[in-house]
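Peer 1: have a look; sequence and predicted model below, questions after that.
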Amino acid sequence: MSLTHERVRGDVADVLSEPPAEISDDENLLDRGLDSIRVMSLVERWRAAGVHTTFIELAEHPTVAAWWQLISDRMEENR
Amino acid sequence: MSVKHSADVVVVGGGPAGSTAAALVARRGHRVILLEKETFPRYQIGESLLPATVHGICNLLGVTEEIEKAGFTVKRGGSFRWGTNPEPWNFLFAISPELTGPTSFAYQVERMKFDDILLKNAARQGVDVRENATVVDVTTSGDRVTGVRYTDAEGTEHTVEARWVVDGSGNRSRIWKGVGGERHYSEFFQNIALFGYFEGGKRLPGPDAGNILCAAFDEGWIWYIPLSETLTSVGAVISREHAARLQGDQEKALLGLIDRCAIVKDFLSEASRVTEGVYGEIRTRKDYSYSNSGFWRPGMALVGDAACFIDPVFSTGVHLATYAGLLVARSINSVLAGELAEERAFGEFEGRYRREYAVFYEFLSAFYDMQSSEDNYFWKARKVTGMQATDLEAFTTLVGGVHSRELALSSRNLAEAVERTGTMQTESGERMFHLFGTPVVTDVMQEMNQIQARGVLGEQTPEAPLLPGGLVPARDGLGWAEFSGA
């Protein structure tokens, strides 16, 4: 299984308990109530889906766009 | 003639390891007898908790509210006068002020109160808790442990037959020998702790007032744990070579050590030592780091200090104990449900437990190495260089199955990260990016964070196996399941 941009957005929306359509690509997710434990759970979800990211990588640029960039690069490397 | 009893599981010891294991097995409706030697509440050391216990385990146990109401000191991390920086620096549980979370804190607890809450909770969850019950030995049949023999307060002998014996009887008990194997001691962390209690000690400024302070000095280091606004637990951790000093006047020895540690001396300058009641005694404890060669055999498993112990500097005692309690409960529940073979389920218990011990041991080695060695024996003997690095890594391999990193490199990474983070009262010192980004810390945080996330986000949190080819937690967190794949 690989991740998609929409799955990434959906996972983010899920941990924040918001509808996916409400989460735009470039907004700072900290303003939506993203916290360290939710970052951690996203690392774990994506690890379960076969994509390895780290807590620090996600925490440094907390937007869907930056995370999708990171994840798609990782999937590319593993191809 | 002894009185006979039977249960699915008999747990030895009512500390956090035993009461966690017992409650989480009883939670699935199984019959559990817990045998505790003393009468609770009773004194215990190891007062500083980590978030995984408070938000992960306590949540699963159903004691979150009770713990909140107990009024324990809120701990947002550890403050360290340690390494090359003369100013204290922080290791906070939150990554930054912006990226804090509902689980970015733990508590400092009076163990009399905390352990009593967990044990009474186990009884409420259906565990048959028997205090004043001294376990004499385990019974076996062929390769299998089949139960225990114990005596009650009147001296009457009893036997309990059970599918499993869970030994959570602590560091001084010998019940662990029922599993077989040996206890391996680390050569490097054979420390001794000398500790007492003070009223009126100073506090760290602002939000750090509840932090544990660990301050290194020439002969070792001192813990300074704020248990209430006025009560402080203070302990000196020194090399076992100094044990002779502790034979005479222990008060004089403790005050002498405090006198040589500038920051703690200042914090206690207007304080007075508690001399009455349970906190009036000065105590010593061997804080040797050790791990047993096996954590289980058919019919028996070890949890908490009965299995392994690591130096107290990271407040890991209760964490390793409750974590092991959770792991063993998952294994027992899965086998009793007929979902997994004993070998597979307990292999996961031992594998995860060893991994947790090993990652903390690596972190510990790198951490001690940061403190300058200079000319004194305590620090020089704990420096990761040349031959010693090899020996330290050998111990990790021995007790953890593998060692994952080169310790000398870990030590450098950690020292650099501490330097980049800066001191506690600076803006950078509030941001844990550098520290959390070092590989040794990432390893240490992985499973703890996972347990916390489950506590906060509930059963919906999917997990990948922690170990290659390993199991994942069942939906309710109380058993294991095969990983159904990414």
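Peer 2: Thanks, I have the structure now. Residues are numbered from 1 along each chain as shown, chains lettered A, B, ... in the order given.
Peer 1: drop to CA atoms for contacts and neighbour counts, all remaining ones
Peer 2: OK.
Peer 1: what's the pLDDT at the residue in the stretch 251-400 of chain B that chain A sits nearest to?
Peer 2: Using CA to the nearest CA, the closest approach of the stretch 251-400 of chain B to chain A is made by B:Arg352 at 16.5 Å. Note on B:Arg352: pLDDT of 96.
Peer 1: that one against B:Leu467, yeah?
Peer 2: Yes. Under the criterion of CA atoms under 8 Å, B:Arg352 is in contact with B:Leu467, at a separation of 7.3 Å.
Peer 1: which one's more surrounded, those two?
Peer 2: The neighbour count for B:Arg352 versus B:Leu467, taken as other CA atoms under 10 Å in any protein chain shown, is higher for B:Arg352 (21 against 12).
Peer 1: ok, now which ones touch the more buried one?
Peer 2: Contacts for B:Arg352 were tallied using CA atoms under 8 Å, 6 or more residues apart in numbering or on different chains; they are B:Leu327, B:Leu466, B:Leu467.
Peer 1: and chain A, which of these reach it?
Peer 2: The subset of the contacts of B:Arg352 within reach of chain A, by CA under 8 Å from any CA of the partner chain, is empty.
Peer 1: narrow those residues to those in helices?
Peer 2: Secondary structure defined by DSSP state H assigns B:Leu327 of the contacts of B:Arg352 to helices.
Peer 1: how near is B:Val166 to B:Arg28?
Peer 2: Computed with CA to CA, to the nearest Å, the distance linking B:Val166 and B:Arg28 is 16 Å.
Peer 1: give me the more crowded residue out of those two.
Peer 2: Set B:Val166 next to B:Arg28 and count neighbours by other CA under 10 Å: B:Val166 wins out with 30 against 15.
Peer 1: that one contacts B:Leu302, correct?
Peer 2: Yes. A contact is recorded between B:Val166 and B:Leu302 when judged using CA under 8 Å, the distance being 5.9 Å.
Peer 1: wait, a strand at A:Ala21?
Peer 2: No. The assignment for A:Ala21, made by DSSP: H, G, I helix; E, B strand; the rest coil, is helix rather than a strand.
Peer 1: residues near it, how many?
Peer 2: 10.
Peer 1: contacting residues for B:Ile212?
Peer 2: When contacts are counted by CA under 8 Å, 6+ apart, B:Ile212 touches B:Ser48, B:Lys75, B:Gly77, B:Gly78, B:Ser79, B:Gln108, B:Trp223, B:Tyr224, B:Ile225, B:Pro226.
Peer 1: in chain A, which spans are helices?
Peer 2: For chain A, the helices defined by DSSP H cover A:5-16, A:36-48, A:55-60, A:64-77.
Peer 1: equivalent analysis for the stretch 151-300 of chain B, please.
Peer 2: Along the stretch 151-300 of chain B, the segments classed as helices by DSSP state H, counting those that start in this stretch run B:250-259, B:262-267.
Peer 1: turn those helices into CSV, including mean pLDDT and distance to chain A.
Peer 2: CSV is the format used below for those (pLDDT from 0 to 100; distance: least, CA to the nearest CA, whole Å):
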stretch, mean pLDDT, distance to chain A
helix B:250-259, 95, 37
helix B:262-267, 97, 32
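Peer 1: nearest to B:Glu182, out of those helices?
Peer 2: Taking CA to CA as the criterion, helix B:250-259 is the member of these that comes nearest to B:Glu182, at 32.4 Å.
Peer 1: buried stuff in the closest one?
Peer 2: Buried residues in helix B:250-259, counting neighbours by 16 or more other CA atoms under 10 Å in any protein chain shown, are found at B:Gln250, B:Glu251, B:Ala253, B:Leu254, B:Leu257, B:Ile258.
Peer 1: what does stretch B:145-154 give?
Peer 2: Within stretch B:145-154, the residues scored as buried using 16+ other CA under 10 Å are B:Val145, B:Thr146, B:Gly147, B:Val148, B:Arg149, B:Tyr150, B:Thr151, B:Asp152.
Peer 1: what segments of the stretch 301-450 of chain B are helices?
Peer 2: Remark: helices of the stretch 301-450 of chain B, listed N- to C-terminal, are B:317-336, B:342-370, B:377-380, B:386-400, B:407-421, B:433-437, B:439-457; assignment by DSSP H, counting those that start in this stretch.
Peer 1: so what secondary structure elements neighbour the fourth one?
Peer 2: Just to be clear, that refers to helix B:386-400. strand B:183-199, helix B:342-370, helix B:407-421 (3 or more CA pairs under 8 Å, 6 or more residues apart in numbering or on different chains; DSSP states H and E).
Peer 1: quickly check: the last one near chain A or not.
Peer 2: No. With CA under 8 Å from any CA as the criterion, chain A is not reached by helix B:407-421; the gap is at least 13.2 Å.
Peer 1: elements contacting that helix?
Peer 2: In terms of contacts (3+ CA pairs under 8 Å, 6+ apart), helix B:407-421 is packed against helix B:342-370, helix B:386-400, helix B:433-437, helix B:439-457.
Peer 1: what about dumping the CA coordinates of the helix or strand of chain B with the lowest mean pLDDT to PDB?
Peer 2: When the helices and strands of chain B are compared on mean pLDDT, DSSP states H and E, helix B:386-400 comes out lowest with a mean of 78. Taking Å, rounded to 0.1, in the frame of the first residue of the first chain, the C-alpha atoms of helix B:386-400 are listed here in PDB:
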ATOM      1  CA  GLY B 386      38.300   2.700  23.400                       C
ATOM      2  CA  MET B 387      38.000  -0.500  25.300                       C
ATOM      3  CA  GLN B 388      35.200   0.700  27.500                       C
ATOM      4  CA  ALA B 389      33.000   1.500  24.500                       C
ATOM      5  CA  THR B 390      33.500  -2.100  23.400                       C
ATOM      6  CA  ASP B 391      32.500  -3.400  26.900                       C
ATOM      7  CA  LEU B 392      29.500  -1.200  27.100                       C
ATOM      8  CA  GLU B 393      28.300  -2.300  23.700                       C
ATOM      9  CA  ALA B 394      29.000  -5.900  24.700                       C
ATOM     10  CA  PHE B 395      26.600  -5.500  27.700                       C
ATOM     11  CA  THR B 396      23.900  -4.000  25.500                       C
ATOM     12  CA  THR B 397      24.300  -6.900  23.100                       C
ATOM     13  CA  LEU B 398      24.200  -9.400  26.000                       C
ATOM     14  CA  VAL B 399      21.100  -8.000  27.600                       C
ATOM     15  CA  GLY B 400      19.300  -6.500  24.600                       C
END
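Peer 1: cool, thanks, signing off.
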